[in-house]
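*Asks:* Return atomic coordinates for the entry below.
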Amino acid sequence: MQTKWLHCFVAVLCAGAAGCQKEQEPAPAAPETVTQSAKPASIEAAKPAATTTAAAEATPASTTQLKEGDDAPNVTFTLQDGKTVSLDSLKGKQIAVYFYPKDDTPGCTVEAQGIRDQWEAFEKAGIQVFGVSMQDAASHTAFIEKHKLPFDLVVDPDQSVPKAFGVPVKDSQYAARHTFLIGADGKIKRVWREVNPKEHAKELLDAAGVSSAPATTPAPKAG
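*Replies:* From the prediction side, this is the model:
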């Protein structure tokens, strides 16, 4: 009787041990789950880096300066008298657009007077001239009247004209002394980024294929 009871007790112990082993078998699966979930995370982490690189490559470069052969920008000038004129409407004519720092300063006055003194040659060649600086209409009008300038000056408070031509403006007040000669076809014919104010009128006429008038020397005073 005792022997039979012992056999039953051993059988119960063996069955319990087997049950415990079956419940513990899924435990090793945990590392596999961690490994599988880690892979998508690394892929997702790589995506923002690729997006950032693409965005950096798509960043636009700075505006290129106009060069000979480029189309002239189709800007609209507001003149000292309030009238407006677009460059596009002037196709068929040669146009000189010259930028200068400030009205009635020594170099700017010499440059403007040089164009004034050669104005007959500019007219015969049909060259239209526009001066551009950052002063207002009253300043431009006074400059024109004081020096009897026969051409218009552009009023440009928002600096849209130098921006269109790629001309630097120092301290938001003084345009660099650059000049653009535009051909009858609407393309940039010649660019000056260094200007000698005294000689510039002759340079413009020569580039336009026009002979300049000889400089006149004032007659000596009597006595």
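*Asks:* ok but residue 111 is inside a helix, no?
*Replies:* Yes: under DSSP: H, G, I helix; E, B strand; the rest coil, residue 111 falls within a helix.
*Asks:* any idea how far it is from residue 89?
*Replies:* Residue 111 sits 26 Å away from residue 89, going by C-beta to C-beta, to the nearest Å. For the C-beta atoms, the positions are set from N, CA and C on the backbone; glycine is no exception.
*Asks:* Compare these two (neighbour count), which wins?
*Replies:* Shown here are residue 111 and residue 89; by other C-beta atoms under 10 Å, residue 111 has more neighbours (23 against 11).
*Asks:* My guess is that one contacts residue 101. True?
*Replies:* No: Residue 111 is not in contact with residue 101 according to C-beta atoms under 8 Å; the separation is 10.1 Å.
*Asks:* Overlap of the contact sets of the two?
*Replies:* Residues touching both residue 111 and residue 101 comprise residue 177, with contact defined as C-beta atoms under 8 Å, 6 or more residues apart in numbering.
*Asks:* What are the boundaries of the helices in the chain?
*Replies:* Along the chain, the segments classed as helices by DSSP state H run 2-24, 29-58, 106-117, 119-124, 137-147, 160-165, 200-207.
*Asks:* Which one of the ones you listed has the poorest average confidence?
*Replies:* Looking at the helices of the chain, the lowest mean pLDDT belongs to helix 29-58 (a mean of 40).
*Asks:* Leaving out sequence neighbours, find the closest residue to residue 177.
*Replies:* Distances taken as C-beta to C-beta, 6 or more residues apart in numbering put residue 195 closest to residue 177, at 4.6 Å, once the chain neighbours are dropped.
*Asks:* who's in contact with that neighbour?
*Replies:* Taking C-beta under 8 Å, 6+ apart, we find residue 195 in contact with 98, 111, 177, 178, 179.
*Asks:* Tell me the one among the residues you listed nearest to residue 162.
*Replies:* Distance to residue 162, by C-beta to C-beta, is smallest for residue 178 among the contacts of residue 195, at 8.4 Å.
*Asks:* Next up, phi/psi of that closest one, please.
*Replies:* phi -120, psi 150 (degrees, to the nearest 10).
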